[in-house]
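Engineer: I would like the atomic coordinates for the input below:
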Amino acid sequence: MSTRAKSNASNQPAPEGIEKRAGSVNSSAGDAPAQVEIQLRAYCIHVERGGRHGCDLDDWLQAERELTEEHPAGPSGNDGAR
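Structural biologist: Numbering: from 1, shown residues only. Predicted coordinates:
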């Protein structure tokens, strides 16, 4: 492994730091979560699982579920889809 690869790997932010920064990316109230929010949460889930490869779809779907629960549709349940 090259020195450059080692230094990049050690500069990975901790998931807690990523989630704190993701708070500033939140979409407006009542909207579906933004793709960047899902990406960040899925990455955090990946790290929490120990970085195990091959679970990316599961991590993404779990992140979508968690964030969708935080961003419910409006009071009528209408999400604006036609």
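Engineer: residues near the residue nearest to Glu66 when sequence neighbours are not counted, how many?
Structural biologist: With sequence-adjacent residues excluded and distances taken as CB to CB, 6 or more residues apart in numbering, Glu66 is closest to Arg41, at 6.3 Å. Heads up, the C-betas are built off the backbone N, CA and C, glycines and all. Arg41 has 24 neighbouring residues, counting by other CB atoms under 10 Å.
Engineer: over to Arg41. Which of the three states is it?
Structural biologist: Here Arg41 is recorded as helix under DSSP: H, G, I helix; E, B strand; the rest coil.
Engineer: what are the ranges of the helices in this protein?
Structural biologist: Ranges of helices in the chain, per DSSP state H, are 3-10, 15-22, 35-48, 56-70.
Engineer: ok, now how distant is Cys55 from His71?
Structural biologist: To His71, Cys55 is 24 Å away according to CB to CB, to the nearest Å.
Engineer: what do you get for His46?
Structural biologist: Using CB to CB, we find His46 at a distance of 21 Å from His71.
Engineer: what of His53?
Structural biologist: In this view, His53 and His71 are 29 Å apart by CB to CB.
Engineer: what is the burial count for His71?
Structural biologist: Neighbours of His71 under the rule other CB under 10 Å: 17.
Engineer: that'll do, ta.
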